[in-house]
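> My questions concern the predicted model and sequence given below.
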Amino acid sequence: MSIPDSVWASIAARNASYPIPWNAFDLVSPWLGVYRLFLFADFDRKVPAAFNSSLSLAIDGSVCSLVPSFNAPRGRNANTLNGFIADVVKCGWGPDGGKRHNVSLAVHDAPLGSFMGLYFDGAGNVQL
């Protein structure tokens, strides 16, 4: 996978035009913090949030943390679970001239047919 530098420029511009000092509680909501870019592991809604212990994401061989993503800042439960996200910037990915990276997701003990895909996602429109 690769991310063109134009995407990183767009994220930087969006962050500069929207300078809100988010706190840790705010940033649990994936749609806040416009400077972030996520890899989103989408699963059937029947997969529990604790399932993230059965997932392993690596970018160029370095393990990257996946956390549950909910569509509500409160009331986090099976009904509000979207899937699991990894902040690619925290994983060490940044502007690099569109270099190709090896991304791997190991899914252990997932119910058959529950994995829907791995996608880029952000707090706004990100065109790859």
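Yep, it's here.
> Excluding residues flanking it in the chain, which one is nearest G94?
Using C-beta to C-beta, 6 or more residues apart in numbering and skipping residues adjacent in sequence, the residue nearest G94 is W8, 6.6 Å away. Every C-beta, even on glycine, is put in place using the N, C-alpha and C of the backbone.
> Could you do A106 as well?
S56 is the one closest to A106 (C-beta to C-beta, 6+ apart), at 4.1 Å.
> circling back to that earlier point, pretty sure the residue nearest to G94 sits in a helix.
Yes - judged by DSSP: H, G, I helix; E, B strand; the rest coil, W8 forms part of a helix.
> and it, how many residues sit next to it?
By other C-beta atoms under 10 Å, 18 other residues sit near W8.
> Pull up the gap between it and A106, please.
27 Å (C-beta to C-beta, to the nearest Å).
> cool, and D5?
29 Å.
> Please identify which of these two sits among more neighbours.
The neighbour count for D5 versus A106, taken as other C-beta under 10 Å, is higher for D5 (14 against 9).
> Wait, V103 touches S56, no?
No - contact criterion C-beta atoms under 8 Å: V103 and S56 do not qualify, at 11.7 Å.
> Now do stretch 89-97: distance to the chain's middle.
In terms of C-alpha atoms, centre = their mean, to the nearest Å, the centre of stretch 89-97 is found 13 Å from the chain centre.
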